[in-house]
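>>> Have a look at this prediction, sequence included:
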Amino acid sequence: MILTHHREKLIDAIVYFAENTKYCGKTKLMKLLYYLDFWHFKQTGKSVTGLDYYTWERGPVPKALFDEIDNMRPDLKAAIRIVPKGTFQEISTKRKFDGRFFTPREKSLLEEVSFIFRDARAEDISNASHLKNAPWDRTLKEKGEWAKIDYLLSIDDDAKSLSFEEAKERMEEIEETYRLLGTG
């Protein structure tokens, strides 16, 4: 069985973002994870957390995590808490960032995403994720609200980006490996 450590990375990424950004509430967290996953996919052909993102009115959302935040599983509940501050619900940590399951590239992207959006509020990040022809925008226009966003839409002509063919090939190889060997 292949161990992906997606769950451990997801929880640790949440801890990292809560520790290293201001105004980290539910909406901002969803956007930070989106950038982490889609920027990593753009460079490597795989996401960091294994989450699927969907087109919601206010931007890309990993629905499974969005739903879980309101009814946390024990491992997530042991790592974070939701602290009401007026109408804002801040995510704070119960433990420190571990990082042992992250590659150097993944750690570097965590730092980059945190640095870029450190002082931003959720509305500011939402505006950035809604840019014309970004994966959320394209999916919303082509498939409508609630549709799953294809990671391949993150591929572009940026110097750090894989080619579309290379990203698709890597994604298919990973999916085939998971199918044949199972994941855990």
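Okay, I see it. None of the values given here were measured: they were computed from a predicted structure.
>>> Give me the residues contacting stretch 152-162.
Judged by CB atoms under 8 Å, 6 or more residues apart in numbering, the contacts made with stretch 152-162 from elsewhere in the structure are 38-39, 41-45, 134-135, 138-139, 163-164, 167-168, 170-171. In this view, the C-beta of every residue, glycine as well, is placed from N, C-alpha and C.
>>> How about stretch 52-67?
10, 26-27, 30-31, 33-34, 37-38, 49, 51, 126, 129-130, 135-136, 139-140, 143-149.
>>> are any of these buried, and which?
Among the contacts of stretch 52-67, those classed as buried by 16 or more other CB atoms under 10 Å are 10, 26-27, 30-31, 33-34, 37-38, 49, 51, 126, 129, 135-136, 139-140, 149.
>>> packing partners for the helix or strand bottoming out on mean pLDDT in the chain?
When the helices and strands of the chain are compared on mean pLDDT, DSSP states H and E, helix 122-129 comes out lowest with a mean of 86. The criterion is 3 or more CB pairs under 8 Å, 6 or more residues apart in numbering; DSSP states H and E, and the helices and strands that helix 122-129 contacts are helix 26-44, strand 59-61.
>>> How about the next helix or strand after the last one, which residues are buried there?
Heading C-terminal from strand 59-61, the first helix or strand you meet, by DSSP states H and E, is helix 63-69. Within helix 63-69, the residues that qualify as buried are 65-66, 69, counting by 16+ other CB under 10 Å.
>>> Stretch 153-173 too?
For stretch 153-173, the neighbour count (16+ other CB under 10 Å) marks 153-155, 161-162, 167, 171 as buried.
>>> what about E90, distance to T49?
Using CB to CB, to the nearest Å, one obtains 21 Å as the distance from E90 to T49.
>>> re earlier: and of the helices and strands packed on helix 122-129, who's closest to G182?
Proximity of the helices and strands packed on helix 122-129 to G182 was assessed by CB to CB; the nearest stretch is helix 26-44, lying at 21.6 Å.
>>> Give me the mean pLDDT for that closest one.
Across helix 26-44, pLDDT averages out at 96.
>>> got the angle between that helix and helix 122-129?
30 degrees (axes from the mean of the first three to the mean of the last three CA atoms, to 10 degrees).
>>> And helix 26-44, what does it pack against?
Using 3+ CB pairs under 8 Å, 6+ apart as the contact criterion, the secondary-structure elements in contact with helix 26-44 are helix 6-20, strand 59-61, helix 63-69, strand 88-93, helix 104-117, helix 122-129, helix 164-181.
>>> distance between the second one and the chain's centre?
Yep, that's strand 59-61 we're talking about. For strand 59-61, the distance between its averaged C-alpha position and the chain's averaged C-alpha position is 10 Å (CA atoms, centre = their mean, to the nearest Å).
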